[in-house]
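K.L.:
The following comprises the amino acid sequence and a computationally predicted model.
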Amino acid sequence: MKNLKRYPDWPERLARFIDAARTKPFVWGKNDCCLFAMDCVEAITGKDLAEPYRGYHSQIQALRLLNKCGGVAGIADAVAAKYGIPEIQPLTAQRGDVCLFDIGRGDTLGIRAGEHIFAPGRAGLIAFPALQAVRAWRIG
């Protein structure tokens, strides 16, 4: 499947999704960084890009999957290749684009919204400065 397209009302869909996720804590296999970013993409395009990766329910299972796939960046690269999602310069990422950044404990995926990249944390979403992005992909 190539040429991922955003819904005409994608800004509202993304805003609603982020608002609903603001207080959802990080949970492996439900609301971790990879699934959160891909769930945002699904909210704005209707396409579940994470479908092949779903089904893990613990940190151990997630780490096994990450190890098998080459880490968070490996998963992002595989999804981008499968769906024809272009990688862009991180500083050109816009609202709704997926960004990869390092929070000091390894790579994290998030979604660009305004001047921030949002990703799940222990007590809900955390807003990281957009300048932390080291890689990015244009969605639609």
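P.N.:
Yep, that arrived. Numbers count the residues shown, from 1 in each chain.
K.L.:
per-residue confidence for the spatially most central residue of the chain?
P.N.:
By Cα atoms, centre = their mean, the chain has its centre lying nearest to Ala37, at 1.9 Å. Looking at Ala37, its pLDDT is 98.
K.L.:
Next, the contact list for it, please.
P.N.:
Shown in contact with Ala37 (Cβ atoms under 8 Å, 6 or more residues apart in numbering): 98, 109-111, 119. Where you see a C-beta, it was placed from the backbone N, CA and C, and this is true even at glycine.
K.L.:
Looking at those, which are in strands?
P.N.:
Members of these lying in strands (criterion: DSSP state E): 98, 109-111, 119.
K.L.:
which one of these sits closest to Ala81?
P.N.:
Val98 (13.7 Å; Cβ to Cβ).
K.L.:
what about the closest one, neighbour count?
P.N.:
Per other Cβ atoms under 10 Å, the neighbour tally for Val98 reads 28.
K.L.:
Is it correct that it is in contact with Ile44?
P.N.:
No. Between Val98 and Ile44 there is no contact under Cβ atoms under 8 Å: 10.8 Å.
K.L.:
Common neighbours of the two, please.
P.N.:
With Cβ under 8 Å, 6+ apart, Val98 and Ile44 have common neighbours Ile139.
K.L.:
What residues of stretch 132-140 count as buried?
P.N.:
132-133, 135-139 (16 or more other Cβ atoms under 10 Å).
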